[in-house]
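S.K.: Everything below, folded, please.
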Amino acid sequence: MATGRTHRPATRSRGIPEATVARLPLYLRALTALSERSVPTVSSEELAAAAGVNSAKLRKDFSYLGSYGTRGVGYDVEYLVYQISRELGLTQDWPVVIVGIGNLGAALANYGGFASRGFRVAALIDADPGMAGKPVAGIPVQHTDELEKIIQDDGVSIGVIATPAGAAQQVCDRLVAAGVTSILNFAPTVLNVPEGVDVRKVDLSIELQILAFHEQRKAGEEAAGDAGVAPPVAARKQQHATGSAEQGPDGDVPAVMPA
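M.R.: Residues are numbered from 1 along each chain as shown. I've put the predicted structure just below:
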């Protein structure tokens with residue numbers, strides 16, 4: 001198996017849209033579940049339902065991969081697992097470094113799903129000298145003074161930041177300067193990175209706030225329904241004109257805020 005810096009996935013050079021790339025892991029998760037149940041083929045409708053998308057969008061996404069299925073048979077599950085894994089770069093080993101081994105960082109280190117998907121936790125890094133040498137998930141924590149050496153020695157190209165917000169940008173700058181080109185950021189702050197560096201942001205508090213908004217809206221609609229109050233005329237007209245007041249550019253309700 002190749003290591004992380006031998007090559008990068010070809011999704012951009014092949015012109016696969018970012019929205020399609022974001023859905024590929026959903027398809028892969030559903031396909032992996034089918035494979036584990038020894039299901040040989042799956043229809044676009046069945047797979048779309050399992051992945052939570054519509055079948056027309058799924059077929060369009062797979063056309064970018066050059067996979068069109070067989071009429072009356074569907075898609076070969078094992079081949080699609082391989083094809084999507086290859087496109088996502090999961091057929092090689094990706095060394096990952098996690099910086100910030102507090103409660104969240106330790107939980108990430110203990111997550112078993114990384115290894116099964118081709119991501120090897122190469123090192124755990126923390127600024128607290130008292131953490132140095134302590135094992136977390138069987139890996140000894142190392143001090144941030146060793147960060148650059150670890151990245152070079154292990155060929156790390158993906159970094160995970162789980163530090164407090166105030167330390168995140170400095171950690172990000174050091175990761176980038178050492179050669180890391182992809183960052184998964186759990187710190188509640190926006191990172192500034194140079195061109196060529198990809199950042200994905202995971203902010204659990206934002207997701208909860210979005211859910212709170214929907215809960216509040218549902219409660220308001222229920223209260224209005226109990227009182228026999230119809231939606232405002234302007235809102236009804238807008239929904240009639242657009243189909244839904246919350247549709248995104250692809251006709252879907254946006255699931256999360258942009259990274």
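S.K.: Stretch 26-43: which residues count as buried?
M.R.: 26, 27, 28, 30, 31, 32, 34, 35, 41, 42 (16 or more other C-beta atoms under 10 Å). Quick note: C-beta positions are derived from backbone N, CA and C, even for glycine.
S.K.: pLDDT on it, on average?
M.R.: For stretch 26-43, mean pLDDT is 94.
S.K.: how much distance is there from that stretch to the middle of the chain?
M.R.: Counting by C-alpha atoms, centre = their mean, to the nearest Å, stretch 26-43 is centred 19 Å from the centre of its parent chain.
S.K.: In PDB, please show the C-alpha coordinates belonging to it.
M.R.: Taking Å, rounded to 0.1, in the frame of the first residue of the first chain, the C-alpha atoms of stretch 26-43 are listed here in PDB:
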ATOM      1  CA  LEU A  26     -22.200   8.600   1.900                       C
ATOM      2  CA  TYR A  27     -22.300   6.100  -1.000                       C
ATOM      3  CA  LEU A  28     -19.300   4.300   0.200                       C
ATOM      4  CA  ARG A  29     -20.700   3.900   3.700                       C
ATOM      5  CA  ALA A  30     -24.000   2.400   2.300                       C
ATOM      6  CA  LEU A  31     -22.100   0.200  -0.100                       C
ATOM      7  CA  THR A  32     -19.800  -1.100   2.600                       C
ATOM      8  CA  ALA A  33     -22.800  -2.100   4.700                       C
ATOM      9  CA  LEU A  34     -24.200  -4.000   1.600                       C
ATOM     10  CA  SER A  35     -20.800  -5.600   1.100                       C
ATOM     11  CA  GLU A  36     -20.700  -6.800   4.700                       C
ATOM     12  CA  ARG A  37     -24.100  -8.500   4.100                       C
ATOM     13  CA  SER A  38     -22.700 -10.100   0.900                       C
ATOM     14  CA  VAL A  39     -25.200  -8.300  -1.300                       C
ATOM     15  CA  PRO A  40     -23.800  -8.600  -4.900                       C
ATOM     16  CA  THR A  41     -25.700  -5.800  -6.700                       C
ATOM     17  CA  VAL A  42     -27.800  -2.900  -5.800                       C
ATOM     18  CA  SER A  43     -30.200  -0.700  -7.800                       C
END
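S.K.: quick one: contacts of it?
M.R.: 47, 50-53, 58, 61, 73-78, 80-81, 84-85, 88, 90 (C-beta atoms under 8 Å, 6 or more residues apart in numbering).
S.K.: In strands, which of those residues fall?
M.R.: Among the contacts of stretch 26-43, the members found in strands (DSSP state E) are 75, 76.
S.K.: Report the buried members of the contacts of stretch 26-43.
M.R.: Neighbour counting with 16+ other C-beta under 10 Å marks 47, 50-51, 53, 58, 61, 74-77, 80-81, 84-85, 88, 90 as buried within the contacts of stretch 26-43.
S.K.: which of these sit farthest apart?
M.R.: With C-beta to C-beta as the measure, no two of the buried ones among the contacts of stretch 26-43 lie farther apart than 74 and 90, at 22.7 Å.
S.K.: ok, residue 150 - contacts?
M.R.: By C-beta under 8 Å, 6+ apart, the contact set of residue 150 is 97, 122, 123, 125, 142, 156.
S.K.: For residue 186, see how far away it is.
M.R.: 19 Å (C-beta to C-beta, to the nearest Å).
S.K.: ditto for residue 222
M.R.: Distance, residue 222 to residue 186, by C-beta to C-beta: 35 Å.
S.K.: Of these two, which one has the most company?
M.R.: residue 186 (19 against 10; other C-beta atoms under 10 Å).
S.K.: hang on, isn't that one packed against residue 202?
M.R.: Yes. The criterion here is C-beta atoms under 8 Å, and residue 186 meets it with residue 202 at 5.2 Å.
S.K.: Would you map out the domains in this protein?
M.R.: 18-87, 94-205 (automatic domain parsing).
S.K.: Just put these in a markdown table and tack on distance to residue 212.
M.R.: Output for the domains of the chain, formatted as a markdown table (distance: least, C-beta to C-beta, whole Å):
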| stretch | distance to residue 212 |
| --- | --- |
| domain 18-87 | 22 |
| domain 94-205 | 10 |
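S.K.: With that, I have no additional questions.
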